[in-house]
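In: give me the fold of what follows.
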Amino acid sequence: MYLKERIAAGETLLGAGIFCPSPELIDWCATGMDWVWLEAQHTHGDWTTLVHCVRAAHTIAVPTLVRTWTHDPGTIERLLDTGAEGIIIPLIDTAEQAEKIVTRCLYPPVGTRSFGSLRTERIEASTDEWNNRIVTVVQIETPEAVENAEAIANVPGVDVLNIGIRDLALRQNIKWEVDSEYSTLGEQIKHVVDVGKQAGKAACVIAQTPTSLANAVKQGYQLICAGMDADHLYDAYQGMRKALDEIEKGSERP
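Out: Numbering: from 1, shown residues only. Coordinates of the predicted model:
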């Protein structure tokens, strides 16, 4: 079953957030996950590395959604030509922006995506099947986007609304801390999730901690990214640093 079909069926799907563009990392860490969030907006992987990351995920049968850094249609097509199962588009503020994105994600006669990727043709030759499986995630990250969330959610071809919580807080001069988002931005978050549900669209969020994960499930999110690899590595190493400090503090030195 395609990721898109699982989303439509109402499943709650946990993804691995890959910030450090490494096929080996995906091999080791994404096995058993429902999907991969491959970060290309705020990281610095080159095209070849992105392709190999998508290949690695495909090898372990985990579909990849790539977050792009631009609304440029040619770039979006090229990212999808890696064989990714879908795209995450930042800073969608209006329904008109969402419509333009969708048309470049889907092949004719539904959209205007250009055909020609050897990679996607080897995975699935039918453009109709690609239209059936591509997941389009739009990010709601500004007050304007929250106001237009209902219209954005009702755009055909938009599958998921992602709440860019930190960006939303930043643009409103609201202090954000891990696990605090549901108190500081609760009404806006609930509004986006609710209008998505009414339109039959799933909601997506990053949940870095078990507390955030529990809150996300309670709020009705279906597509949940279980934090980014870099953050988990930092937390793990800082935990070991603290553990050694405590061991040395409690031990007697000669």
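
In: surely residue 27 is in contact with residue 59?
Out: Yes: using C-beta atoms under 8 Å, residue 27 makes contact with residue 59 at a distance of 7.5 Å. From N, CA and C alone the C-beta is placed, and that goes for glycine too.

In: what do the two both touch?
Out: Common neighbours of residue 27 and residue 59 (criterion: C-beta atoms under 8 Å, 6 or more residues apart in numbering): none identified.

In: where exactly do the strands run in the stretch 151-254 of the chain?
Out: Ranges of strands in the stretch 151-254 of the chain, per DSSP state E, counting those that start in this stretch, are 160-163, 202-206, 223-228.

In: as a markdown table, the ones you listed with mean pLDDT and distance to residue 85 would be great.
Out: Formatted as a markdown table, the strands of the stretch 151-254 of the chain follow (pLDDT from 0 to 100; distance: least, C-beta to C-beta, whole Å):
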| stretch | mean pLDDT | distance to residue 85 |
| --- | --- | --- |
| strand 160-163 | 96 | 12 |
| strand 202-206 | 95 | 14 |
| strand 223-228 | 96 | 12 |
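
In: make CSV out of those strands and add mean neighbour count and distance to residue 23.
Out: Formatted as CSV, the strands of the stretch 151-254 of the chain follow (neighbours: other C-beta atoms under 10 Å; distance: least, C-beta to C-beta, whole Å):
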stretch, mean neighbour count, distance to residue 23
strand 160-163, 26, 24
strand 202-206, 25, 22
strand 223-228, 23, 17
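
In: how about the strands in the stretch 1-150 of the chain?
Out: Using DSSP E, counting those that start in this stretch, the strands of the stretch 1-150 of the chain run over 13-18, 35-39, 64-67, 86-89, 135-140.

In: got CSV for those, with mean pLDDT, distance to residue 208 and mean neighbour count too?
Out: Formatted as CSV, those follow (pLDDT from 0 to 100; distance: least, C-beta to C-beta, whole Å; neighbours: other C-beta atoms under 10 Å):
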stretch, mean pLDDT, distance to residue 208, mean neighbour count
strand 13-18, 98, 9, 23
strand 35-39, 98, 12, 26
strand 64-67, 98, 16, 25
strand 86-89, 98, 17, 25
strand 135-140, 98, 17, 27
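
In: kind regards, and thank you for your time.
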